[in-house]
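A.B. asks: Sharing a model prediction with you, sequence too.
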Amino acid sequence: MIKKKIHIENVVRKLRFNNNEMTQQELAELVGVSRQTVVAIEKYKYTPSLDLAFKIALAFDMEIQEVFFINQ
Amino acid sequence: MNIKIRNTLGEITGASIAMIWMYSNLTEASTMTIQAVSKVLAQGIGASIILIIALHIIFNILSSIISGKYEKDIDDERDKIFELYALQASSAIFGISLIIVLVLLGWFNLTIITGLIAITFSGFIASIVSLFLKIYLYR
């Protein structure tokens, strides 16, 4: 059993800038959440559900593991 | 200030104003009948609901005027998690208060009027504490 607390990080901010400097509001509207939630995800203050994580990955046309990963 | 914190502050203000109004009308509670006390409490609860709705509208109109744009309030999964934390906190506070009031009523000769007031006020306090918890989570 894995008891160690895992810390999930992401590259959402980087991907936004690489996608025509997409704004947080644009990404939020694309995946159906508030801008505050996108801000929290980018700052690693909130780990999204699997559903939302997939939606974000799909928004950038990438695999989920390319966007969200565990910081070892 | 984001829309979630603004709306939560509106709810805290509305509940606090209603509590203060009820408290000022219940200073003579010991000489009041149970009907009169119940009327004040019911009016206070009603007033708090109306105040919260009115403050939501006023805060959002003022924000739109100041910022010059309309901000949509979208409820997503993060909001639902925070709502759940707030609900847990308010339920715990209200539950503990209810047990304390029942013990006081049963074993320590607390009057039914005081018990009624204490239960209503503990509901308001539980709600206000849970709203502060939401602000802490949204900070």
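C.D. replies: Arrived safely, thanks for sending.
A.B. asks: ok, which stretches of the chain are strands?
C.D. replies: In the absence of a named chain, chain A is used. Listed in chain order, the strands of chain A (DSSP state E) span A:8-10, A:68-70.
A.B. asks: Can you lay out those strands as JSON lines showing mean pLDDT, distance to chain B and mean neighbour count?
C.D. replies: (Each C-beta comes from the backbone N, C-alpha and C, glycine too.) Written out in JSON lines, the entries for the strands of chain A read as follows (pLDDT from 0 to 100; distance: least, CB to the nearest CB, whole Å; neighbours: other CB atoms under 10 Å in any protein chain shown):
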{"stretch": "strand A:8-10", "mean pLDDT": "90", "distance to chain B": "15", "mean neighbour count": "15"}
{"stretch": "strand A:68-70", "mean pLDDT": "91", "distance to chain B": "15", "mean neighbour count": "14"}
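A.B. asks: Would you mind giving the ones you listed as TSV with distance to residue B:36 added?
C.D. replies: As requested, the strands of chain A are arranged in TSV below (distance: least, CB to CB, whole Å):
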stretch	distance to residue B:36
strand A:8-10	57
strand A:68-70	60
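A.B. asks: buried ones in the lengthiest helix in chain B?
C.D. replies: The single longest helix within chain B, with elements called by DSSP state H, is helix B:34-67. For helix B:34-67, a neighbour-count test (16 or more other CB atoms under 10 Å in any protein chain shown) marks B:37, B:40-41, B:44, B:47-48, B:51-52, B:55-56, B:59-60, B:63 as buried.
A.B. asks: Can you tell me which of these comes closest to residue B:27?
C.D. replies: Distance from residue B:27 was checked for each of the buried residues of helix B:34-67 by CB to CB. The minimum falls on residue B:40, at 10.6 Å.
A.B. asks: Isn't that closest one up against residue B:27?
C.D. replies: No: at 10.6 Å, residue B:40 and residue B:27 do not qualify as touching, with contact defined as CB atoms under 8 Å.
A.B. asks: Can you show me the helices along chain B?
C.D. replies: B:3-25, B:34-67, B:77-107, B:112-138.
A.B. asks: Dump the ones you listed to CSV, plus distance to residue A:48 and mean pLDDT.
C.D. replies: Rendered in CSV, the data for these read as follows (distance: least, CB to CB, whole Å; pLDDT from 0 to 100):
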stretch, distance to residue A:48, mean pLDDT
helix B:3-25, 17, 89
helix B:34-67, 27, 90
helix B:77-107, 7, 94
helix B:112-138, 16, 92
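A.B. asks: wait, which of those helices is closest to chain A?
C.D. replies: Chain A sits nearest to helix B:77-107 of all the helices of chain B, at 4.7 Å, using CB to the nearest CB.
A.B. asks: Save the helices of chain B as TSV, and put in distance to residue A:27 too.
C.D. replies: Formatted as TSV, the helices of chain B follow (distance: least, CB to CB, whole Å):
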stretch	distance to residue A:27
helix B:3-25	18
helix B:34-67	20
helix B:77-107	14
helix B:112-138	19
